[in-house]
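*Asks:* Provided below for reference: sequence and predicted model.
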Amino acid sequence: MDSRKPWHLNRRTFLRGIGATLALPSLECMGSEALNPSPKRLAAIYFPFGVSMAPADSGKASWNWFPEKAGADFKFSKPLSPLESLREDISILGGLSHPDVRKIDGHDSGDTFLTGCDLLGRDLLNVQSMDQIAASQLADKTRFSSLVMSTDGGVGEPTRSSTLSYNEHGRPIPALNQPRQIFERLFGGGDESTARGRRRLRSAGSMLDLVLDDAKKVRSHLGQHDKEKFDEYLDSVRQVEKRVERSQAWIDLPKPELTDQDRERLKLESDSNVPEDYVGTMYELIYLAFRTDSTRVATYQIGSMGDATSLSGKFPQLLGFGKNIHSLCHDWNKPNGIEPLGKWDQFLSRKFAEFLTRMRETHSNADGSKSLLDQTTILYGCSNSTTHNNKNYPLVLAGGKGLGFKHGNYHRFEESVPLANLHLTMLKKIGITADKFADSNALMPEVLA
């Protein structure tokens, strides 16, 4: 039974006239959601190839990514020092990994950061990623079910993926990597706000209906191998169909407006040749997507495990650290390699800290009692500790104090604790219905209030 009073309006109520649509302001009759919106969000950020793990006798121990001692009184290492002002909003996590991933080659593990999948045991077919489980259950809440981004863009190839996100069939979701394109998708007018856009969407929906109907007849005449390839193709078509359906549902709702100050912070023409601006703008796009409630799920792969000449591979060279990411991380145990890698790790921490600070300084609800960061749980890290080592992932859990997370500690976990326990905990705390994820066997009370 609808508990709203007869004069209550849906928060997405609009005034419509000839050729115009005007969004109403938040009114009391729209109920508590309009007056005090506090949506729950999830994000995951990934960087490749591991971190600086300086031996104690190297004279460079201060460049070790992990703090020296666990507990609430831990001291930030140089690579993590940019996060120091955010101590009460983050937890440093050590010892965690995906058990099924420990046995595969180190550079094959990026695909599994959000899935925990044994790729080799499944003929390189992945499973649905944690973010997409969340996106599937939150899809009706926002214009975009998720925002999937990476520096290299697209999907890459199995074991060298350039996306963190996988759909319900375990197939990679192409990542966006051009700031201007992402901005236009989130905030641009685009064709979908015009009559021509409406006609295109209706036409696209009709054509897809015909294609999928005819596909059933074609499939019945194929052999097993061809059916598998055909199903992969149909899955791509279905993903397009879902996007068309979502666009049709939101076509009359205007996209959110941004302030001049918002636009000034964005460097939409930046590319991978200017890492400082590029990475900052990608983070800013996630922030704006969350602040405007355009989506509640986002992933960003800063670099892939792909070839060292990839777009992301050259970041450290462009920043003056001497080598590409792959070579830099391979030199972690060399006397002259520890500090350059530590400085690369420090750069990554600084850009992450800037993003978290933006989130913390922005109110998420009407009375100002919660910030965007309080209502968002964020996983940041890598699937290698040192390059080729798939144990002891360097991880930071951030935000979510309004969701029940507790921070301010460096936790060292036993190897028997699967990383999937953290994934499951994050899902549950944003309201996702899930009893298990990958090889999880419990929630993670250490990070909960």
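*Replies:* Structure received. Residues are numbered from 1 along each chain as shown.

*Asks:* residue ranges for the helices of this protein, please.
*Replies:* If DSSP state H is used as the criterion, the helices of the chain fall at 32-35, 130-138, 179-187, 195-219, 224-250, 260-265, 275-291, 315-318, 325-330, 338-360, 420-429.

*Asks:* Check the ones you listed for me: which has the lowest mean pLDDT.
*Replies:* Within the helices of the chain, the least confident segment by mean pLDDT turns out to be helix 32-35, at a mean of 42.

*Asks:* And stretch 113-129, what's buried?
*Replies:* Neighbour-count burial for stretch 113-129, counted by 16 or more other CB atoms under 10 Å, picks out 113-119, 126-129. Heads up, the C-betas are built off the backbone N, CA and C, glycines and all.

*Asks:* Going by distance to residue 329, which of those residues wins?
*Replies:* Within the buried residues of stretch 113-129, distances to residue 329 taken as CB to CB reach their minimum at residue 113, with 15.9 Å.

*Asks:* coming back round to it: any chance of the buried residues of stretch 113-129 in TSV with pLDDT as columns?
*Replies:* As requested, the buried residues of stretch 113-129 are exported to TSV (pLDDT from 0 to 100):
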residue	pLDDT
113	98
114	98
115	98
116	97
117	95
118	92
119	92
126	96
127	97
128	97
129	98
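
*Asks:* Just these: which are in strands?
*Replies:* Among these, none falls in strands (DSSP state E).

*Asks:* tell me which of these is nearest to residue 417?
*Replies:* Taking the buried residues of stretch 113-129 together and measuring to residue 417 by CB to CB, the closest member is residue 116, at 12.7 Å.

*Asks:* I figured the closest one hits residue 439, correct?
*Replies:* Yes - when contacts are counted by CB atoms under 8 Å, residue 116 is listed as touching residue 439 (6.1 Å).

*Asks:* shared neighbours, these two?
*Replies:* By CB atoms under 8 Å, 6 or more residues apart in numbering, residue 116 and residue 439 have these common neighbours: 98, 100, 418, 420.

*Asks:* State the number of residues packed around the last one.
*Replies:* In other words, residue 420. Counted with other CB atoms under 10 Å, the burial measure for residue 420 works out to 24 neighbours.

*Asks:* I'd assumed residue 443 was in contact with it.
*Replies:* No - Residue 420 is beyond contact range of residue 443, at 10.8 Å (criterion: CB under 8 Å).

*Asks:* any common contacting residues for these two?
*Replies:* The contact lists of residue 420 and residue 443 share no entry, where a contact means CB under 8 Å, 6+ apart.

*Asks:* dump the residue contacts of the most centrally placed residue in the chain.
*Replies:* For the chain, the residue nearest the mean C-alpha position is residue 299 (1.5 Å; CA atoms, centre = their mean). Contacts for residue 299 were tallied using CB under 8 Å, 6+ apart; they are 43-46, 114, 129, 131, 146-149, 163-165, 175.

*Asks:* taking those residues one by one, which sit in strands?
*Replies:* Restricting the contacts of residue 299 to those inside strands, with DSSP E as the criterion, leaves 43-46, 147-149.

*Asks:* Report the two of the residues you listed separated the most.
*Replies:* Taking CB to CB as the measure, the ones in strands among the contacts of residue 299 reach their widest spread between 46 and 147, a distance of 14.3 Å.

*Asks:* what's near enough to touch residue 101?
*Replies:* Contact analysis of residue 101 by CB under 8 Å, 6+ apart lists 109, 112, 116-119, 383, 390.

*Asks:* Return the per-residue confidence for it.
*Replies:* 96.
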